[in-house]
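In: Please find the sequence and the predicted model below.
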Amino acid sequence: MSETRFPLPPNATIGILGGGQLGRMSALAAAELGYRCHIYAPQDDEPAMLVSAARTVAGYEDEAALAAFAAAVDVVTLEFENVPVRTLEILAPLVPCRPGPRALSVCQDRLQEKAFLESAGVPVAPWAVVTSEPELREAVARIGLPAVLKTTRLGYDGRGQAVLRTQEDLAPAWERLSPKPLILEAFVPFTQEISAIAARGADGATAVYDAVENQHRHHILDLSFAPARVPEEVAAQARAHAARVAEALELVGVLAVEFFLLPDGRLLGNEIAPRPHNSGHWTQDACQSSQFHQHMRAVAGLPLGGTARHSDAVMRNLVGPEGMARVSALQAQSDVSVHLYGKASARPGRKMGHANRLFPLGTLGKEAVAEALSEL
Ligand code: AMP
């Protein structure tokens, strides 16, 4: 392999696995930092390809295409965590990969992820691996109902899971969900869902953004409120957990940790995403360095940028045709930034863009939220 020197010099090329909006916004940030991006994805004309210097359209396990990609870039990162671990195993001997195969593997598998969160000192809901229907019955007897049964891999935005309320729900849920094994989790009676984004540089330094509060609609993130409207110690704990997870994973880049907040103020970790995250889009307009700049800085070996929030913010996702129908009204508001992903067709449920509305620092109380929701 030709030796990559860090920090990458201007005009070096960052390879990104995955072509979606997270790759697009990472590539735009990379361009501002003076880098070129080369997108690798199985389909052509993906949102990230439309703003990048180079593209490879090939399968994730196409060894010849991966070798050519490795030779064309100075470092590789990813923008979604369902890239096969095998892809990074093929690339890692050829080019630095940030994150590497281990971090990806942990975040791809809910069983490894839960065990990892526990080992990093982040409490999680009671859980059990289930490999057969009798094991599911035993696990339900131990954990109780209601409970949530999930696939261990490839689940996102609420896909690949079932809420079990009565014994009659067990058999159909076991039948329906695949691939097996599955994971059973206690149902968490959360009052809020919170996330925190941490960055870790190649030098081991960490930087964390303010924790945010997330609201979902039809299982898709709808709104993020920055900062989360929670007691200071809860926000501090979420940030500390996210930094600890980044350190324990030895990540170089950014990650998001999603939490459930319990009525007694305790936080339970739910998921880790080893990449920029939808709940961090507010940082584009409300922080010195956005999560995308931060990710590119870390991957390029630059020192991390500032994570301080200079404004309060509400982010709303623009999903499907209804989301696109709101674009011009949002573009007419001077305190709103609309970010569109360049997707050709607005199918229902597809994330087309998002809007960030800023508020003066410290003013995101109940009234501002009501106003934000009526106009966003
Ligand atoms: P996930 O795919 O794990 O992010 O789950 C998607 C959504 O389902 C979460 O954002 C929660 O709203 C809900 N959910 C997931 N796991 C649980 C749980 N153990 N208890 C209650 N709600 C859950």
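Out: Nice, I can see it. Numbering: from 1, shown residues only.

In: contacts and neighbour counts: CA atoms only from here.
Out: Fine.

In: separation between residue 342 and the ligand?
Out: Counting by CA to the nearest ligand atom, to the nearest Å, the separation of residue 342 from the ligand is 26 Å.

In: and that residue, how many neighbours?
Out: When neighbours are counted by other CA atoms under 10 Å, residue 342 registers 17.

In: Over to residue 220?
Out: 16.

In: Tell me what the residue nearest to residue 55 when sequence neighbours are not counted is bridged to.
Out: In space, and not counting its chain neighbours, residue 55 is closest to residue 39: 4.7 Å by CA to CA, 6 or more residues apart in numbering. Bridge pairing for residue 39 (DSSP bridges) gives the partners residue 16, residue 55.

In: quick one, what contacts residue 39?
Out: Neighbouring residues of residue 39 by CA atoms under 8 Å, 6 or more residues apart in numbering: 15, 16, 17, 18, 19, 23, 48, 49, 52, 54, 55, 56.

In: give me phi/psi at residue 221?
Out: Main-chain dihedrals, residue 221, degrees, to the nearest 10: phi -50, psi 130.

In: For the spatially closest residue to it that is not a sequence neighbour, give me the pLDDT.
Out: Distances taken as CA to CA, 6+ apart place residue 215 nearest to residue 221, at 6.1 Å, with adjacent residues excluded. As predicted, residue 215 sits at a pLDDT of 96.

In: measure residue 215 to residue 288 for me?
Out: 25 Å (CA to CA, to the nearest Å).

In: Assign a three-state SS to the closest residue to residue 98 other than its chain neighbours, would you?
Out: Closest residue in space to residue 98, ignoring its immediate chain neighbours: residue 77 at 5.0 Å, by CA to CA, 6+ apart. Under DSSP: H, G, I helix; E, B strand; the rest coil, the three-state class of residue 77 is strand.

In: Count residues in the vicinity of residue 77, would you?
Out: Neighbours of residue 77 (other CA under 10 Å): 25.

In: For it, give the beta-bridge partners.
Out: On the basis of DSSP bridges, residue 77 is bridged to residue 16.

In: repeat for residue 267
Out: residue 261.

In: isn't it right up against residue 257?
Out: No: if you go by CA atoms under 8 Å, residue 267 and residue 257 don't touch, sitting 11.3 Å apart.

In: Overlap of the contact sets of those two?
Out: In contact with both residue 267 and residue 257: no residue, using CA under 8 Å, 6+ apart.
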